[in-house]
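S.K.: Only the shape, not the letters, is given here:
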């Protein structure tokens, strides 16, 4: 598998139909999660953009504790070898200092937004920050996707954090282990809770650049390809979420097979 392909695989987070499987624990408020995703185009063997997301809450319908870790397992069989995503990398310090403008265009993997709950004020307050996914450096040798969240109101914070790609087996070809940093609602105040994240990973609305005959030429990068054969029951995804109080919950679902399979 190429470096760019594995970087792209690391960014692919979620699954198709809505579904949840709460992790049993002894607590007053049990967390729950749901996942969703889609392929566009959704054709066997075709390069695709994946739209994905997750939603977190408690059984009472309130926001969960602050999120600290996501362990996502992704399906085997997706063709990563021909993707041109992640041809360049971005440094975390540069991303924090300059935002997405500090990253090479050829490092972009996708974009989206998020909702967080702020534990104060009328209605607790929500924000929808910008979320970007770019190819990041990998000092330990494992391949990395760097996520960037740009919050403006009511929490003014710019946060960069990375997911490390590790091999998996069986129904899953790889797993992405991501540590999520805590973000204070105000200086010295309680940390915000992640409620939902939605993003794309793939060539849709992305432009890369190359030099050709002395000119800078734009092109659309190629995404990963949906397999020619869909496994029985579709493409499985599974994610486990860990919170600051040590509690966990998990969600699983399936991207359906393309039409005609």
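M.R.: Sure, I can see it. Values in this document were obtained by computation on a predicted structure and should not be read as measured data.
S.K.: Please tell me the pLDDT value assigned to the residue sitting furthest away from the middle of the chain.
M.R.: Most distant residue from the mean C-alpha position of the chain: residue 213, 36.5 Å away (Cα atoms, centre = their mean). Listed pLDDT for residue 213 reads 92.
S.K.: what does residue 81 give?
M.R.: For residue 81, pLDDT reads 74.
S.K.: Also residue 64?
M.R.: pLDDT at residue 64 comes out at 89.
S.K.: what's the answer for residue 138, then?
M.R.: pLDDT, residue 138: 78.
S.K.: So residue 106: helix, strand or coil?
M.R.: helix (DSSP: H, G, I helix; E, B strand; the rest coil).
S.K.: Equivalent analysis for residue 95, please.
M.R.: Taking three-state DSSP, the label given to residue 95 is helix.
S.K.: Enumerate every residue touching the residue farthest from the centre of the chain.
M.R.: By Cβ atoms under 8 Å, 6 or more residues apart in numbering, the contact list for residue 213 is empty. (Glycine included, C-beta is placed from N, CA and C.)
S.K.: Show me the shaky parts of the stretch 151-261 of the chain.
M.R.: Low-confidence segments of the stretch 151-261 of the chain (pLDDT under 70): 153-156, 260-261.
S.K.: Is it correct that residue 94 is in contact with residue 101?
M.R.: No - contact criterion Cβ atoms under 8 Å: residue 94 and residue 101 do not qualify, at 9.5 Å.
S.K.: higher neighbour count, those two?
M.R.: Taking neighbours as other Cβ atoms under 10 Å, residue 94 and residue 101 compare with residue 94 leading, 14 against 8.
S.K.: Where does residue 200 sit, in terms of helix or strand?
M.R.: Per DSSP states H and E, residue 200 falls inside strand 193-201.
S.K.: Give me the distance from that strand to the chain's centre.
M.R.: 7 Å (Cα atoms, centre = their mean, to the nearest Å).
S.K.: And for stretch 222-234?
M.R.: Worked out by Cα atoms, centre = their mean, stretch 222-234 lies 19 Å from the chain centre.
S.K.: do the same with stretch 81-92
M.R.: The chain centroid and the centroid of stretch 81-92 are separated by 15 Å, computed with Cα atoms, centre = their mean.
S.K.: Over to stretch 55-71?
M.R.: Counting by Cα atoms, centre = their mean, stretch 55-71 comes out at 16 Å from the chain centroid.
S.K.: Just the endpoints, please. Distance across it?
M.R.: 15 Å (Cα to Cα, to the nearest Å).
S.K.: Now it: buried residues?
M.R.: Judged by neighbour count using 16 or more other Cβ atoms under 10 Å, the buried positions of stretch 55-71 are 55, 56, 57, 58, 63, 64, 65, 66, 67, 68, 70, 71.
S.K.: any idea which of those residues is the one closest to residue 184?
M.R.: Checking the buried residues of stretch 55-71 against residue 184 with Cβ to Cβ, the nearest one is residue 66 at 9.8 Å.
S.K.: The residue nearest to residue 157 when sequence neighbours are not counted: neighbouring residues, count only.
M.R.: Take residue 157 and drop its neighbours on the chain: the residue closest to it by Cβ to Cβ, 6 or more residues apart in numbering is residue 151, 4.6 Å away. For residue 151, the neighbour count with other Cβ under 10 Å is 19.
S.K.: what ranges do the helices span in this protein?
M.R.: 3-11, 92-98 (DSSP state H).
S.K.: For those helices, which has the smallest mean pLDDT value?
M.R.: helix 3-11 (a mean of 41).
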